[in-house]
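Engineer: dropping the sequence and predicted coords here.
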Amino acid sequence: MNIPKITQMDVYPVAGYDSMLLNLSGAHGPFFTRNIVVLTTDEGQIGVSEVPGGQKITDTLEKAKDIVVGAHLGSYKAVLQQVRQHFSYLDAGGRGNQTFDLRIMIHALTAIETAFLDLIGKHFHVPVAALLGDGQQREHVGVLGYLFWVGDTSKTDLPYLQNDDNSDEWGRLRRKPVMDADALVKLAQAAYQKYGFKTFKLKGGVFDGETEVAAMKALHEAFPQAKLDLDPNGGWYLKDALHYADELQGVLHYIEDPCGAEDGFSGREILAEFQKLTHMPVATNMVDTDWRQMSHALALNAISIPLADPHFWTMEGAVRVAQLCDEFDLNWGIHSNNHFDISLAMIANTAAAAPGKVFDVDTHWIWQDGQYLTNNPYQIKNGELTVPATNEGLGVDLNLEAVQKAHQLYVDNHLGARDDAAAMQYLIPDWHFDPKKPALVR
Ligand SMILES: O=C([O-])C(=O)C[C@H](O)[C@@H](O)C(=O)[O-]
Ligand SMILES: [Mg+2]
């Protein structure tokens with residue numbers, strides 16, 4: 001029997017268009033960037049993956065080719081071990097304190113793992129979900145409507161996309177400013193019309209806390225049945241977070257990183273105090289991002305909903321977190337960043353393999369919907385993604401021409417890793433990141 005062997009590994013840094021989404025780290029620029037990996041076997045089959053952008057991840061993937069090319073599918077775990085050993089020094093600084101994770105090795109590792117899993121799934125004619133953890137647990141995966149405050153792009157001379165999809169209200173509104181509760185409710189209504197979400201999350205840490213509390217109350221009034229989450233990325237001090245939590249009792253279903261490290265205490269210690277004092281379930285993608293952090297978070301009872309992003313836990317690692325949550329009576333969810341449709345397939349397959357109480361998972365996809373790198377992107381319908389058990393691999397068919405175009409966009413615009421301060425400086429001159437100050441509070 002022939003076991004397919006990797007004969008080629010291609011790495012494509014790519015870019016797509018984004019809205020001027022605001023967050024604690026600043027404002028999203030007109031482009032978001034990703035790294036796409038394509039593995040080819042001696043049988044001519046391909047396996048794909050997508051992880052965050054940036055030259056450091058691209059370079060690491062390029063260097064890893066020596067380990068990957070020549071390996072056969074059955075040895076993928078040995079390949080992953082070697083990649084981890086060779087490059088783990090790159091992640092010594094941890095995730096950093098931006099809203100997004102700055103690690104390098106773990107993202108490169110995920111890119112290699114996922115492309116292998118795509119190939120193995122195709123080889124055995126099963127979805128990637130069937131290969132993870134204890135196998136596929138569900139076909140339908142709930143996803144949330146990820147809402148942002150959106151800046152006014154006319155205050156910049158940056159090439160933000162406008163009028164790319166005026167076929168419906170969501171397509172129109174997602175490129176326009178959203179700077180008050182009325183506009184936010186309209187945005188949520190448009191997202192609901194198109195995608196049928198049952199949960200909404202607002203990216204907070206932009207306006208002062210009282211303004212964001214009022215916005216959540218307006219969303220609750222407009223969608224009394226919806227589950228709501230507010231995520232200021234640890235930008236509030238504990239004493240303020242306790243006050244906002246009081247105001248948000250009965251409004252929020254859960255809260256995400258309401259506070260973080262302060263006064264010599266770690267983010268885990270502060271969140272443990274918050275959870276104990278409020279009894280409000282706390283989600284996080286900031287304080288339990290590896291097993292060492294997770295062990296402290298659990299010992300402290302700091303969190304109820306680990307958001308295990310498969311891009312920084314690996315797909316297998318994210319499902320391992322779900323298994324732990326299931327055994328320990330915690331809820332589980334996924335965190336995301338702006339992404340193309342390969343990542344959407346990664347999210348869907350990971351959540352389809354997660355046992356237990358899975359919260360509607362994050363995805364930024366609605367801001368990118370229409371910019372496809374595959375011929376058959378997953379669709380969000382009735383607030384769900386579907387992973388049929390008949391899928392093979394990730395369940396997507398790569399459109400190489402679209403990847404090459406997205407790569408050209410990256411090259412032509414001299415892009416690299418994400419830097420939200422640059423666009424924010426158009427709104428507030430000399431703006432600098434402060435992990436303890438909402439972005440527009442300066
Ligand atoms: O849940 C989260 O913290 C995120 O989604 C982090 C992202 O970096 C978000 O803040 C963004 O895209 O601006
Ligand atoms: Mg978060």
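Structural biologist: Sure, I can see it. Residues are numbered from 1 along each chain as shown. Ligands and ions are numbered 1, 2, ... in the order given.
Engineer: all contacts plus neighbour counts: C-alpha atoms, from now on.
Structural biologist: Fine.
Engineer: burial count for residue 95?
Structural biologist: If you count neighbours by other C-alpha atoms under 10 Å, residue 95 ends up with 18.
Engineer: and what of residue 285?
Structural biologist: 22.
Engineer: can you tell me how far it is from ligand 1?
Structural biologist: 6 Å (C-alpha to the nearest ligand atom, to the nearest Å).
Engineer: pretty sure that residue contacts residue 333?
Structural biologist: No - at 9.4 Å, residue 285 and residue 333 do not qualify as touching, with contact defined as C-alpha atoms under 8 Å.
Engineer: between those two, what contacts are shared?
Structural biologist: Residues touching both residue 285 and residue 333 by C-alpha atoms under 8 Å, 6 or more residues apart in numbering: 306, 307, 308.
Engineer: could you chop this structure up by domain?
Structural biologist: With automatic domain parsing as the criterion, the domains of the chain are listed as 6-129, 140-386.
Engineer: how about a markdown table for these, with distance to residue 416 added?
Structural biologist: Output for the domains of the chain, formatted as a markdown table (distance: least, C-alpha to C-alpha, whole Å):
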| stretch | distance to residue 416 |
| --- | --- |
| domain 6-129 | 5 |
| domain 140-386 | 14 |
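Engineer: got these as a markdown table, with mean pLDDT columns?
Structural biologist: Shown next, in a markdown table, are these (pLDDT from 0 to 100):
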| stretch | mean pLDDT |
| --- | --- |
| domain 6-129 | 98 |
| domain 140-386 | 98 |
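Engineer: what residues does this protein put near ligand 1?
Structural biologist: Contact residues, the chain versus ligand 1 (C-alpha under 6 Å from any ligand atom): 23, 99, 100, 233, 285, 335, 336, 337.
Engineer: and those residues as CSV, adding secondary structure?
Structural biologist: Converted to CSV, the residues of the chain next to ligand 1 look like this (DSSP: H, G, I helix; E, B strand; the rest coil):
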residue, secondary structure
23, strand
99, coil
100, coil
233, coil
285, coil
335, coil
336, coil
337, coil
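Engineer: please identify the buried residues of the longest helix seen in the chain?
Structural biologist: With DSSP state H setting the assignment, residue counts place helix 105-124 as the longest helix in the chain. Using 16 or more other C-alpha atoms under 10 Å as the test for burial, helix 105-124 gives 105-122.
Engineer: okay, now residue 149: neighbour count?
Structural biologist: 24.
Engineer: ok, back up a step: closest to residue 429 among the shared contacts of residue 285 and residue 333?
Structural biologist: Using C-alpha to C-alpha, residue 307 comes nearest to residue 429 of the shared contacts of residue 285 and residue 333, at 33.7 Å.
Engineer: and the closest one, how many neighbours?
Structural biologist: 26.
Engineer: which residues pair with it across the strands?
Structural biologist: residue 333 (DSSP bridges).
Engineer: so it sits right up against residue 325, yeah?
Structural biologist: No - with contacts counted by C-alpha under 8 Å, residue 307 stays clear of residue 325, the gap being 10.7 Å.
Engineer: residue 146 is in what secondary structure piece?
Structural biologist: Following DSSP states H and E, one finds residue 146 within strand 145-147.
Engineer: please look at residue 119 and residue 46 and confirm they touch.
Structural biologist: Yes - under the criterion of C-alpha under 8 Å, residue 119 makes contact with residue 46 at 6.4 Å.
Engineer: now do stretch 125-134: distance from first to last residue.
Structural biologist: End-to-end span of stretch 125-134 (C-alpha to C-alpha, to the nearest Å): 17 Å.
Engineer: in the stretch 1-150 of the chain, which spans are strands?
Structural biologist: Ranges of strands in the stretch 1-150 of the chain, per DSSP state E, counting those that start in this stretch, are 6-17, 22-23, 26-27, 31-41, 46-52, 140-142, 145-147.
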